[in-house]
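K.L.:
Generate coordinates for the sequence data below:
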Amino acid sequence: MTTSVDFYFDLVSPTAFLAYHRLRQLQEQYDLEVVYKPMLLGGVFKSTGNTTPIAIPAKGKYMLEADIPRFSRRYAVDLNFNPHFPLNSLTMMRGAVAAQRLGCADAFIEAGFNAMWQQGKDLGDPAVIVEVLAAAGLDGEAILEATQDPEVKGALIAFTEEAVARGAFGAPTMFVGDEMFFGQDRIDFIEELLAPSP
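P.N.:
Modelled structure (predicted):
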């Protein structure tokens, strides 16, 4: 029986990057469907009163220097801190919605996450976005143009509001049914749901 995971994410989040790759690994082992839900992390923070962990120096230092590298090693996923971080992800997240409508979301999300957290690209720059998408075999110009479509803009707002309404306060946030799992370090609990009982 297929298990479905709603994956609320923003490409600007390094922990969402790790969760994305870990969920893909689990898809190779289990009958797992990942439903991608692009959201704007800044909008979630604003709605919930939360803030980025790097706003707290000690927490940011711990996350970037210890915790994230630990999980990078555990998942065997290369992660390089982006020199342009933090950056405005609005265009890319609208692009994720546009890519869903154009039928190329999987390739877009993979290219976006890897450009952000492996290649150190400045995804706040539209020219760089087009270059990254073209390198992935996508029509970057068409996707960039679609980010200005009012329906695409509205859909990203709707995804963000939906995430908050379901209880999200950061990224990544995942749901299996109505059960919420926040953070890439909670994916072990999702795997427990997937693994057959002994």
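K.L.:
going forward, measure contacts between C-alpha atoms and count neighbours the same way
P.N.:
OK.
K.L.:
May I ask which helix or strand of this protein has the lowest mean pLDDT?
P.N.:
helix 57-62 (a mean of 91; mean pLDDT, DSSP states H and E).
K.L.:
For that one, give me every contacting residue.
P.N.:
Contacts with helix 57-62, where a contact means CA atoms under 8 Å, 6 or more residues apart in numbering, come from Pro53, Ile54.
K.L.:
Output it as PDB - backbone C-alpha positions only.
P.N.:
Extracted in PDB, the C-alpha atoms of helix 57-62 (Å, rounded to 0.1, in the frame of the first residue of the first chain):
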ATOM      1  CA  PRO A  57      24.000  33.100  17.000                       C
ATOM      2  CA  ALA A  58      24.600  30.100  19.200                       C
ATOM      3  CA  LYS A  59      21.900  28.100  17.500                       C
ATOM      4  CA  GLY A  60      23.000  29.100  14.100                       C
ATOM      5  CA  LYS A  61      26.600  28.100  14.800                       C
ATOM      6  CA  TYR A  62      25.500  24.700  16.200                       C
END
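K.L.:
what comes up buried for the helix or strand just after it?
P.N.:
With elements assigned by DSSP states H and E, the helix or strand that comes after helix 57-62 is helix 68-75. Residues of helix 68-75 classed as buried by neighbour count (16 or more other CA atoms under 10 Å): Ile68, Pro69, Phe71, Ser72.
K.L.:
residues in contact with the last one?
P.N.:
To tie it back to what came earlier, the one meant is Ser72. Each residue near Ser72 by CA under 8 Å, 6+ apart is listed here: Leu18, Asp78, Leu79.
K.L.:
what packs against the helix or strand harbouring Thr160?
P.N.:
Assigned by DSSP H and E, Thr160 belongs to helix 150-165. Here helix 150-165 touches strand 32-38, helix 41-48, helix 90-102, going by 3 or more CA pairs under 8 Å, 6 or more residues apart in numbering; DSSP states H and E.
K.L.:
Now find how far off-centre that helix is within its chain.
P.N.:
15 Å (CA atoms, centre = their mean, to the nearest Å).
K.L.:
hey, C-alpha coordinates of that helix in CSV?
P.N.:
The C-alpha trace of helix 150-165 is given here as CSV (Å, rounded to 0.1, in the frame of the first residue of the first chain):
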residue,chain,number,x,y,z
PRO,A,150,-1.0,35.9,-11.0
GLU,A,151,-2.3,32.4,-10.7
VAL,A,152,1.2,31.1,-9.9
LYS,A,153,1.7,33.9,-7.4
GLY,A,154,-1.6,33.1,-5.8
ALA,A,155,-0.9,29.4,-5.7
LEU,A,156,2.3,29.9,-3.7
ILE,A,157,0.5,32.1,-1.2
ALA,A,158,-2.2,29.4,-1.0
PHE,A,159,0.4,26.6,-0.3
THR,A,160,2.0,28.8,2.3
GLU,A,161,-1.3,29.6,4.1
GLU,A,162,-2.2,25.9,3.9
ALA,A,163,1.0,24.9,5.6
VAL,A,164,0.4,27.4,8.4
ALA,A,165,-3.2,26.2,8.8
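K.L.:
Please pull up the helix or strand immediately following it.
P.N.:
strand 173-176.
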